[in-house]
Structure formats: C-alpha cells, structure tokens
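J.: Let's see this in three dimensions:
(chains A and B)
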Amino acid sequence: MRRWFLLPFITWIATVPVTGRVARAIDLRLEPSVLGQVREGYWSDETEAPIELYGDLGVSGLPHGTTLDAYFRLEEDFARWDDETDFFIGAMRVPNAPGGLDVQLGRQIVAESPVGLWDADSGQIRLGVADTPLSFTVFGGQPQYWEPTFGPVLLSQDEQIFGGSVRLMRFRGGALALGYLQQNREGRELMQQVTLSGTRTFASLPGWPSLYGNFAFDSDRANIDRVRVGVQSFVWRPNLLLNFESGYYKPQDGGDVVVRDFERREDPIFQLFSVSELLQFRGGLRYQMSRTLSAFTDLSYQRYERTQDSFVDGYVWSTGALYLPGGDGLEMVRVEYYGIDGVGGSVNGGRVYYENRVYEQILFRAKCDVAYYDKATNQDGTAIGSLVGVGYELAQGLVAEVNFEANRNQLFPEDYRFGFFITYSAGYTTQPELRRDYVGNEWRPWPWAPAQTGPASWGPRPARWTRDPGLPSSGWAAPTFAAVAAAREAEKERQAAGEPDAADGDAPGQAPATRAASATEAE
Amino acid sequence: MTQRARLLAGVCLTIAAFSACRDILPQNRFLRPRTTAQRSLSTADARHKFSHAGHDKILAQEGVTCADCHRFDALIDTGSQPLASVLSGTAQYPGGAACHFCHGPSETRLASAPSACLTCHANLVPLLPANHEIAWLRVHASVASADPAECQNCHRDSFCVNCHQNRDSILTFMHERNYLSIHSVDARANPIQCGSCHREDFCIGCHAQATR
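T.: Sure thing, here's the model as predicted:
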C-alpha cells in the first residue's frame, strides 16, 4: 500500500555499488528507530497502540561534495488502524556545484527569518564571492505542515514563500545579513519583510561578549514586525555565563482594525491573544561552581496589549542545578524549579531528570515533572508527567529501551503508557572499502536529549574561550606556525598593495621562517 | 502509603541504586564501567582522518617540512619498549593546532582547506562552542538566521529535522505530558512562542473536540 516508503532504502542501497567506481570515500549514514507505545486514548476510551518507524538516511562525499538526506516517519496505530502522522522528506545539497554555487533542493528548512522558519518543499541557491564576506542566497517553495490537528484543517496550506539574503559582512564569530522574505497564502500576499540579522563576538573586550539581533520590517504595511537584540558574555571569576535579550514583536499592523479572517493573519496564534504588539525582556545566568556542578536561572517578562488599551504582563522563570557525577557526562542529575505567572493564572512546578550511561550496555533514565496550577478560570490542581526507562546496548550503536510513563492532568487523572524503542545509529565509509566508521549514538544514545533536557543541560567541560585555536601559544611547534602565519599575513598585505607574489621567488622547500623573514625584509 | 507513593519511592530507590553502583557494588559484566567514558570528551577520533598523501602538495607549497610537525628529536628513555612505543606515538602527534592552522576556525585558515568541523570530527561533544552553553535553545534562531552556513559546519540537517520536523512523536520532545494542564497559562504569559511551531489548527482542533 505504501510502497513509496521503500524509496529511501532503495536510494541508500543503490549508492553502495556506485561507491566502487569512484576514487573518493563515500560516507553512508543510517539511523533508523522503531518506537511504540500502548496507552488509553485521550479523546476516546479505546486502547491505542501506535508504532513509529523513523528513519534518517544520508549519503555524503559524492562528487561536488553532494549530500543526499532522507527522513521519514511511518506511524500505524495497530489498535485503531490510523496513520495520520506519516511524512517523508528528501533533500539534496551540492555545496560545491559548478560556478561556485551551493545548491539545495527538496524538503528542507528555509528562511530562518526573524518571524520563524518554514519546512518547505523548496530550492535554495547560495553563491559565495571568493575572498570577500559576500554570499548571496535565493530560495522559494511551498511550506509543509503535518502536525496532527485532531480535527479539520482550518488554515489553508496553499502557501508559498520566496526571498533571498545577502551576507554583507563576516566577523570573527559572527556575520551580518540583509534579507527579503515574502509569504503568500491563497494567492494573496501575507507579508513582505525586509530583514537584517547579525551576530558578532568581540574577542578583544573583557568577557568576550557576543551580540546578536535581528530586525524585520514589513515593507508593504510600513510596520516593524520584530526587533530582537541580545548579548551573551562570560565572567571569569566567578565562572558566570550571562545572557540578556530584549525584543519587540508586532506581526501585523491593521491599525485599529482587528484582522478577523484567520487566513489573513500573519501569526494567528499570537493574534488570538493580542491585538497589538508585545515587548519582551529575558535574562539568563549559568554559574559553574565546579567541574561537575553548575546552577542556572532564567527569567522572561512579556507585556502585550490584550484588547485595546488593556495591557497585561506575563512572567516565565526557571532555576535549577545540573550535577554531572564523575564529570564525564555519562551520568546526569538535573533539578529545576519553574513557574509561570500571567493573565491566565499561575503555575509552580518542579522537574527532576536523571540519566545513567556509566555501565557497559545498560542505560537508565528517569524523569518527573510535577506542576501545581491555579488558573484564572478557577481551575486548580496538580499535573504530573513522569517516565522511567531502562535501555540495553545490544550491539555497538544498537540500543533498545523499554519505558513506562505515569501521567496526570486535569482531564485525565490516570494516564499510564508502556513504551519501547529500538534505535540503530551508525556510519559507514567506503575508504578503502565499505566498513563501519563511527557510531553516531555512542556518545549519547538518546536522540532527543539536547532539546529535552534544556538549554543548560549538557556540556561537562568548564566554560572557556579560546581566542585563536589555530595558533599554539606555546610548545615546540609554536615558532614554526607563528612564522607561517606571519608569512601569510605579509602575503595578504602585499597582494592588497598590488605587489607581485613573493612566494614566486622562493626556492623550493624554503623554510617558512626564512620566508617570513624575507617577507619582513621586503616590507 | 498509597500505591503512587510506593511507585515514587521505588523509582527513587532505583535511581539511588544506579548511582551507588558506580562506587560501591562489585563489578560484574553488566556493571563494569564503560571503557569509553573518557572518550566522550576526547577529540582523538579526528586524528585518524589525516592523510599524508592528501596533504603532500599543500605542505610542500607552504614549505612545511616533516620536522615542523613531528618531533623526531624527542629523546624517549623509559627502559620499557612498550611504554616507549606509546610515548613515541604521543610525541610524534603534532596536536589539533597543526590541523586548525589551515582548517578553520583559525584566522590563519586557508580558503582551500575545508573548515567544517565534520571534515575530521565525528564526536562533536568536546567541540561544543561557548555560546551554546546557556539559553542556546532560545538564542540559536538569531544566530542561524545571520549565517546558516555556520551551523552546517558542525551539524547535519538531521540535527535540525529531529526537532523542527519530527514533531509529535511518541517520545516527548519539547513539552512534558503534564503540559496539557498548564499550556493555557503559558500561552497567555508568553503568546509569542506558540506560533514558532504550531498553527491555529492545532489549538482549535482539540478545543472544538473537547466541547463536543
């Protein structure tokens, strides 16, 4: 019935014979997972038994650096015979296409604009200008949505986006880009944005602050859609990481008129709650007490106009600690208190996450999230989400887990789920012959971990900055590399001055130090 | 003690047992600590990517000789041949700085040298950039929009796809299961965030069904 799902397998396998005919090494990536769960349905009292097959296949190292990637998810509920969340994505990227182009085609993430991003069936072409920071990008395509809606689709999916961007400047640890983005829905223009996005690290300032920000202007309505400016910095003593950010958001300026037609709204969910703009301030700290223990806190404040001349405030905060016993990242304890306070009510909650990968072949994780809520609608109660999972590494890269969830919320006081997953993650290379090259999940077998455990969850290293990791500051090799660096710098200056290439006159095998000295003399 | 309390106590005890095993319980086949523990923070996997044959031309062009990278004159006097072999291998390895001299992210990088971390590194954990350490989940959109190519240095597209496109999996990615009870409070406190991933269909579909 669904034969097309074989396509990624066929594509992947078909590349193997090809690998024998080319000299370069071709890398194959294979990361399939099978997940399943048995639970009681939320909207019906029936038992649900969804099984998912999620695949991530990739080939890289083809001519022109071409990479082929395919992702798919096939879901079948064996209790209800329902398969609403299937998807298949394929994308090809040719980073070194003829003419210096970087071409990407297929379903991909495009237009990471200040107002969001799109998963789109699209094409994207990038052209970098050699020896300059300039890079031009154009893209166009149709956004795709497939999250289940548990009901009829209300917003039209007849959408198109197109635009482009120019990277104007490139800094050490940053860049500045000017872009244009247009979104159409049902054949009508929804937004025309001129965007400016930038980030820059100031390595010469104390704390090496890193600034970032973006700006979006709707050229059609002469409306500033979004401004966001933030800074990240570092204080050595104590080991403190700081992040502050402020923003302004106004997705659509209709004057005093509320846009009633959902199809004509730029951000329909935001416009459900607000008739106007939103101001936001956010701050975060991470304090590293020792190699194994760090604490973090995060607060965001929002103020927006709910109805005309009625402004409301909202606060979201969290604070907690991350403990990494052993300091090797194989065992993790994360404790967090979080809260929300706003016009909709308040929430006070706590969550604990524990993960253990210390022992050969055995993996264990447990988490529990308990939240007390008191809503403006006079509803209050305690909501719980918890999971215990035990995994076993059957072979290198092949991990199986069984897990049990016990949840509770205001509609469903007892929600128990039994689940499992089997995941295999590996890469193969054809140089000199097809052999196993690496195991993708050896370091962290939980594929969802970075998002799940939060922003300050992993990274057992002590916080540190390196100004120029390419130059050894000391050691026996330092003089050699310093000399070559000086020679290259002199070469650049000479070329900038329009003088002939000094290297042309070097004797073959001349030591770089000598060349550097010659270059200095020539200066 | 209620059944739930017993369950919670059981989970806590299991966690404590796993934690204690590391130091207390005798080691057996299953409780033997991972031999790969330290490797998780090592960049050693990149060493084996270097090919002398592939670099012959550029090294000659730059005038970098064998002795510039390898310390052939190191004197190793241990009295033990196996130990000397190990130390010799270590002494001859010039370190990552030698690679990074030409391959980004250094200022001395050569334009013709690939600068993507994935060129040599498979294990990205020890390469975690400093700006990823705090609130990165919220910050990354701004940085990615300024220079998406920078992200592609280390991340394959699958890294983005796993969160941005593989939504609503059986596994929870962003929200815990109890979020159903508190989402209305969160949405009103910070209404800017829902639209990053969801469309209005997602709200109305459920709310309409709940009122039936």
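
J.: As PDB, could you dump the C-alpha coordinates of the lengthiest helix in chain B?
T.: As assigned by DSSP state H, the longest helix anywhere in chain B is helix B:3-21. Output of helix B:3-21 as PDB, limited to C-alpha atoms (Å, rounded to 0.1, in the frame of the first residue of the first chain):
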ATOM      1  CA  GLN B   3       0.200   3.000  45.600                       C
ATOM      2  CA  ARG B   4       1.500   6.200  43.900                       C
ATOM      3  CA  ALA B   5       3.800   7.000  46.800                       C
ATOM      4  CA  ARG B   6       5.200   3.400  46.700                       C
ATOM      5  CA  LEU B   7       5.800   3.800  43.000                       C
ATOM      6  CA  LEU B   8       7.600   7.100  43.500                       C
ATOM      7  CA  ALA B   9       9.700   5.600  46.300                       C
ATOM      8  CA  GLY B  10      10.600   2.600  44.100                       C
ATOM      9  CA  VAL B  11      11.800   5.000  41.300                       C
ATOM     10  CA  CYS B  12      13.900   7.000  43.800                       C
ATOM     11  CA  LEU B  13      15.400   3.800  45.200                       C
ATOM     12  CA  THR B  14      16.300   2.600  41.700                       C
ATOM     13  CA  ILE B  15      18.000   5.900  40.900                       C
ATOM     14  CA  ALA B  16      19.900   5.700  44.200                       C
ATOM     15  CA  ALA B  17      21.000   2.100  43.400                       C
ATOM     16  CA  PHE B  18      22.200   3.000  40.000                       C
ATOM     17  CA  SER B  19      24.100   6.000  41.400                       C
ATOM     18  CA  ALA B  20      25.600   4.000  44.200                       C
ATOM     19  CA  CYS B  21      26.700   1.100  42.000                       C
END
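
J.: buried residues in the helix or strand that it is followed by?
T.: Downstream of helix B:3-21, the next assigned helix or strand under DSSP states H and E is helix B:52-62. If you call a residue buried by 16 or more other CB atoms under 10 Å in any protein chain shown, then helix B:52-62 has these buried ones: B:His55, B:Glu62. To be clear about C-beta, it is placed using only N, CA and C from the backbone, and glycine gets the same treatment.

J.: and helix B:52-62, does that touch chain A?
T.: Yes - Helix B:52-62 comes into contact with chain A (CB under 8 Å from any CB of the partner chain), by way of B:Ala60, B:Glu62.

J.: so where's the stretch 201-350 of chain A shaky on pLDDT?
T.: Within the stretch 201-350 of chain A, the segments meeting pLDDT under 70 span A:254-256, A:327-329.

J.: all helices for it, in order.
T.: A:268-273 (DSSP state H, counting those that start in this stretch).

J.: repeat for chain A
T.: Applying DSSP H to chain A gives helices spanning A:7-19, A:268-273, A:449-452, A:478-496, A:512-522.

J.: Chain B now?
T.: Under DSSP H, chain B gives helices at B:3-21, B:52-62, B:66-69, B:81-92, B:96-100, B:136-146, B:148-151, B:157-164, B:179-189, B:200-210.

J.: Dump those helices to JSON lines, plus mean pLDDT.
T.: Below are the helices of chain B laid out as JSON lines (pLDDT from 0 to 100):
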{"stretch": "helix B:3-21", "mean pLDDT": "74"}
{"stretch": "helix B:52-62", "mean pLDDT": "83"}
{"stretch": "helix B:66-69", "mean pLDDT": "75"}
{"stretch": "helix B:81-92", "mean pLDDT": "69"}
{"stretch": "helix B:96-100", "mean pLDDT": "78"}
{"stretch": "helix B:136-146", "mean pLDDT": "77"}
{"stretch": "helix B:148-151", "mean pLDDT": "77"}
{"stretch": "helix B:157-164", "mean pLDDT": "75"}
{"stretch": "helix B:179-189", "mean pLDDT": "94"}
{"stretch": "helix B:200-210", "mean pLDDT": "75"}
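
J.: what about those helices, which gets the closest to A:Thr132?
T.: helix B:148-151 (14.4 Å; CB to CB).

J.: Not counting its own residues, what contacts that closest one?
T.: By CB atoms under 8 Å, 6 or more residues apart in numbering or on different chains, the list of residues contacting helix B:148-151 from outside reads A:Asp102, A:Glu112, A:Arg126, A:Ser135, A:Ala175, B:Val143, B:Ala144, B:Cys160.

J.: for stretch A:128-142, same thing?
T.: Contacts for stretch A:128-142 (CB under 8 Å, 6+ apart): A:100, A:102, A:110-111, A:118, A:120-127, A:159-170, A:175, A:179, B:111, B:149.

J.: The closest residue to B:Ala46 other than its chain neighbours: neighbouring residues, count only.
T.: Leaving aside its sequence neighbours, B:Ala46 sits nearest to B:Cys120 (CB to CB, 6 or more residues apart in numbering or on different chains; 4.0 Å). When counting by other CB atoms under 10 Å in any protein chain shown, one arrives at 18 neighbours for B:Cys120.

J.: Please read off the pLDDT at B:Cys120 from the model.
T.: Note for B:Cys120: predicted pLDDT of 78.

J.: OK, contacts around it?
T.: B:Ala46, B:Lys49, B:Phe50, B:Cys99, B:His103.

J.: One more pass at 10 Å, please.
T.: Counting by CB atoms under 10 Å, 6 or more residues apart in numbering or on different chains, B:Cys120 makes contact with B:Thr43, B:Asp45, B:Ala46, B:Arg47, B:His48, B:Lys49, B:Phe50, B:Gly96, B:Cys99, B:His100, B:His103, B:Pro114.
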